[in-house]
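Asks: build me a model from this:
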Amino acid sequence: MNAQEIIDKVISRHENGSNEPIQICEDLRLEPMLDFSGKMSRKAYQSYRKNWHKDRKYCGVLDFKIMDPTGKMEHSKLLGRSIDKIPVEALRHVYDGEDPFQLDLPQDQLALICDIQCSFAEQEVNWGVNDFQLRTHFGYPDFKVDHLRNAVPRDFFMLYFERCIAEISSGKSREEALKTVSDPQYQASFVASKMVLMPPIKSSGNNRKISDDFLPYLRSNNMEGVEPWINPHLERINRFCVEKAGTSPYWTSTYQ
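Replies: Here you go, the predicted structure:
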């Protein structure tokens, strides 16, 4: 499946109230989190996020879990087992929204690239500027620097692959590249309640920008025409939110 087909299936499951998993390939599936049951909904209006999401009544309404051979997908683990195994051209093909099954990859590489595609889709569905998404660093319109204002949510994970591959190409071992690139960004997360890869962002408020050592690898800044995957579905999602899903109970309990 390409990116648009995956997102269409996620929306359909929620529209139909179906928790049937979306099978991507062997040992990889998406599990819909129906009725605002996922962490994206439960934690959208807590703590510092109260000020961010008071105008977003449907946060997390399309949430889903990515279940891979390790259990629930974790970015750091997926990055660790993919680096030096997936060609950068394949990663860029998937980042651009294309179907990984078109790449004629061996089965082990195909499984990994499909997992990465799902992680991109999760970012594109749950994070953004719309009232069903949590606020993102990648594409937030009030940021002062063009490279973040024009970014897309999937840039978050793609940055790590682009930079790790560049480090390995410069002569570092796989282990050295991961230590250099990901260890400083492995931090505690409010949403996940555990250590996770965090966006490589510096400064604060609307002055935020990508860290200097990551900026050269920001794909949306290095090519033209990059768009959020969710854009073609916005009218359909808005109808679902208003006519069927209704306001998040977590929004109601927080602000009313």
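Asks: the longest helix seen in the chain: how far from the chain's middle?
Replies: Of all segments of type helix in the chain, defined using DSSP state H, the longest is helix 107-126. The chain centroid and the centroid of helix 107-126 are separated by 9 Å, computed with C-alpha atoms, centre = their mean, to the nearest Å.
Asks: what does stretch 146-155 give?
Replies: Distance, centroid of stretch 146-155 to centroid of chain: 12 Å (C-alpha atoms, centre = their mean).
Asks: how many other residues sit next to residue 103?
Replies: Residue 103: 16 surrounding residues under other C-beta atoms under 10 Å. C-beta: built from backbone N, CA, C; applies to glycine.
Asks: now do residue 67
Replies: 17.
Asks: how about it, secondary structure?
Replies: On the three-state scheme (DSSP: H, G, I helix; E, B strand; the rest coil), residue 67 is labelled strand.
Asks: which residue, other than its chain neighbours, is closest to it?
Replies: Spatial nearest neighbour of residue 67, excluding adjacent residues (C-beta to C-beta, 6 or more residues apart in numbering): residue 29 at 5.2 Å.
Asks: quick check: the one you found is in a strand.
Replies: Yes: assessed by three-state DSSP, residue 29 belongs to a strand.
Asks: residues contacting it?
Replies: With contact taken as C-beta atoms under 8 Å, 6 or more residues apart in numbering, residue 29 is in contact with 21-23, 67.
Asks: quick one: which of the residues you listed is nearest residue 7?
Replies: Taking C-beta to C-beta as the measure, residue 7 sits nearest to residue 22 out of those, at 10.4 Å.
Asks: for the closest one, grab phi and psi.
Replies: phi -100, psi 110 (degrees, to the nearest 10).
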